[in-house]
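Colleague: pasting the sequence and the predicted coordinates here, then a few questions.
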Amino acid sequence: MSSAGGRRRSLLASAIESIGTTPAPTSVPEAVDAEVLVDRDKPVDEPSTPSFLERRGIAFDEIARTVKRPTIRLKPSECSIWPGNARDHAALSYERCASLIDSIREEGSNREPVVVRRTPNADNPYELIVGTRRHFSVSWLHANNHSEIELVARIETLDDEAAFRLADLENREREDVTDLERARNYRHAVDAYYNGVRTQMADRLAIPKQNLHNLLQLAELPDEVVAAFAEPGDVKVRHGMRLSPLLKNEQYRDAIIAAAVALRAEQQALKDAGSDKIEGIKVCERLAAAAATPAVSKMPPPRAKPALTAASGKEIGQILADTRAKGITININPKGAASVEEILEALRPAIESAKFSRN
């Protein structure tokens, strides 16, 4: 057993033990002697409830004394996937789970049990809370000539909030859960389980409030921006921290979205050509640079000034302004030689049709 795997199992066991526990009531004897009464009057240091982080620390010290809980064997088809888990089950593939599939095939089962809860009124008798990759791997083996391998599971009684905390604890130990998966999972959880109160959620998960804020910023990125990255795993928390404030500014939003759409097309062209993708850090830099590009003015182009022409078609000048209040302003600047008679001939119709001269 690897030390990392042992720590994870101990942490999960400690988290499960801590969920929903209440201290047992203590009985008070009806008769006590005077000496006991005197002792009871003395101030007593009441035990304090350990914090979540303290319980995690204690769990590390209990690895050697951990007692394994009973497990059962299930077929993968008996479990539905709880939608509150951060991992995108639909995005799992053989390539992403190859090493785990090989390990389970060699050992004949998943060494670390998944966690399920009973769902008596659902289509499947169990719902998977923790162990999405293990479930996928056993399902893949079932579909590929290894139907004898079953899913080792532990049954727990958990409400949705407790299930979320348990799944989140495990996912923090997993490097293959992307920042984006975790961020979107947190965005759902803060409303679903904590009534939108971020401080309450941070306290329950024992994580810094700033870390939670940064993850929720990442979850706010529009789909067009996320699609500009070659893979979901390329989208990092630091990218959300840089781009989210810019996207909230209406002055920059359209330019960033337009740059993201162009980047997506560029990424696809590179993929089709078998070329290297544009790395996440470069994508972020180009999207942020789009906000620094001066916005193109949406004002219509100015209308051309009416030309002042003679009967011969020769351009004598331009009518710069024609208003009833300020009169008509004419610029006389003949293109080529023009006689006085030609200029006067061109001026007469312009003056007669000027707004100040109309009734």
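Modeller: Here it is on my side, so go on.

Colleague: how about residues contacting the helix of greatest length in the chain?
Modeller: With residue count as the measure and DSSP state H as the assignment, the chain has helix 250-272 as its longest helix. Identification of contacts with helix 250-272 by CB atoms under 8 Å, 6 or more residues apart in numbering yields 222, 224-225, 227-230, 243, 246-247, 276-278, 283, 286-291, 293, 295. Glycine gets a C-beta too; all of them are placed from N, C-alpha and C.

Colleague: tell me the first helix or strand C-terminal of it.
Modeller: Towards the C-terminus, the helix or strand next in line after helix 250-272, according to DSSP states H and E, is helix 280-292.

Colleague: same for that following helix, what does it pack against?
Modeller: With contacts defined as 3 or more CB pairs under 8 Å, 6 or more residues apart in numbering; DSSP states H and E, the packing partners of helix 280-292 are helix 237-247, helix 250-272.

Colleague: please give the centre-to-centre distance between the longest helix of the chain and its chain.
Modeller: Centroid separation for helix 250-272 versus its chain: 18 Å, with CA atoms, centre = their mean, to the nearest Å.

Colleague: export that helix to CSV, keeping only CA atoms.
Modeller: As requested, C-alpha coordinates have been extracted for helix 250-272 and formatted as CSV (Å, rounded to 0.1, in the frame of the first residue of the first chain):
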residue,chain,number,x,y,z
GLU,A,250,-18.3,45.9,-20.6
GLN,A,251,-15.6,48.0,-22.3
TYR,A,252,-13.5,44.8,-22.8
ARG,A,253,-15.9,41.9,-22.8
ASP,A,254,-16.8,41.9,-26.5
ALA,A,255,-13.2,42.2,-27.6
ILE,A,256,-12.2,39.3,-25.3
ILE,A,257,-15.0,37.1,-26.6
ALA,A,258,-14.1,37.9,-30.2
ALA,A,259,-10.5,36.9,-29.5
ALA,A,260,-11.6,33.7,-27.8
VAL,A,261,-13.7,32.7,-30.8
ALA,A,262,-10.8,33.3,-33.1
LEU,A,263,-8.5,31.3,-30.8
ARG,A,264,-10.9,28.4,-30.8
ALA,A,265,-10.8,28.2,-34.6
GLU,A,266,-7.0,28.5,-34.6
GLN,A,267,-6.7,25.6,-32.0
GLN,A,268,-9.0,23.5,-34.2
ALA,A,269,-6.9,24.2,-37.3
LEU,A,270,-3.7,23.2,-35.4
LYS,A,271,-5.3,20.0,-34.2
ASP,A,272,-6.5,19.1,-37.7
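
Colleague: now it and helix 237-247, what's the angle there?
Modeller: Counting by axes from the mean of the first three to the mean of the last three CA atoms, to 10 degrees, helix 250-272 lies at 140 degrees to helix 237-247.

Colleague: so which bits of helix 250-272 are buried?
Modeller: 252, 255-257, 259-260, 263-264, 266-267 (16 or more other CB atoms under 10 Å).

Colleague: again with stretch 125-140
Modeller: In stretch 125-140, the ones that count as buried by 16+ other CB under 10 Å are 126-140.

Colleague: again with stretch 76-84
Modeller: By neighbour count on 16+ other CB under 10 Å, the buried set for stretch 76-84 is 76, 79, 81-82, 84.

Colleague: closest one of those residues to residue 90?
Modeller: Within the buried residues of stretch 76-84, the smallest distance to residue 90 is 9.4 Å, found for residue 81 (CB to CB).

Colleague: and the helices and strands packed on helix 280-292 as CSV, adding mean pLDDT?
Modeller: Compiled in CSV, these are given as follows (pLDDT from 0 to 100):
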stretch, mean pLDDT
helix 237-247, 96
helix 250-272, 95
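
Colleague: next, format those helices as CSV and append distance to residue 338.
Modeller: Conversion of the helices and strands packed on helix 280-292 to CSV gives the following (distance: least, CB to CB, whole Å):
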stretch, distance to residue 338
helix 237-247, 57
helix 250-272, 49
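
Colleague: nearest to residue 95 among those would be which one?
Modeller: Scanning the helices and strands packed on helix 280-292 with CB to CB as the criterion, the closest one proves to be helix 250-272, at 15.4 Å.

Colleague: can you give me the angle the closest one makes with helix 280-292?
Modeller: Between the axis of helix 250-272 and that of helix 280-292 there is an angle of 140 degrees, by the same axes, to 10 degrees.

Colleague: now a PyMOL select for only the buried ones of the contacts of helix 250-272.
Modeller: Remark: buried members of the contacts of helix 250-272, expressed as a PyMOL selection using 16+ other CB under 10 Å:
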select buried, resi 225+227+228+229+230+243+246+247+278+283+286+287+288+290+291
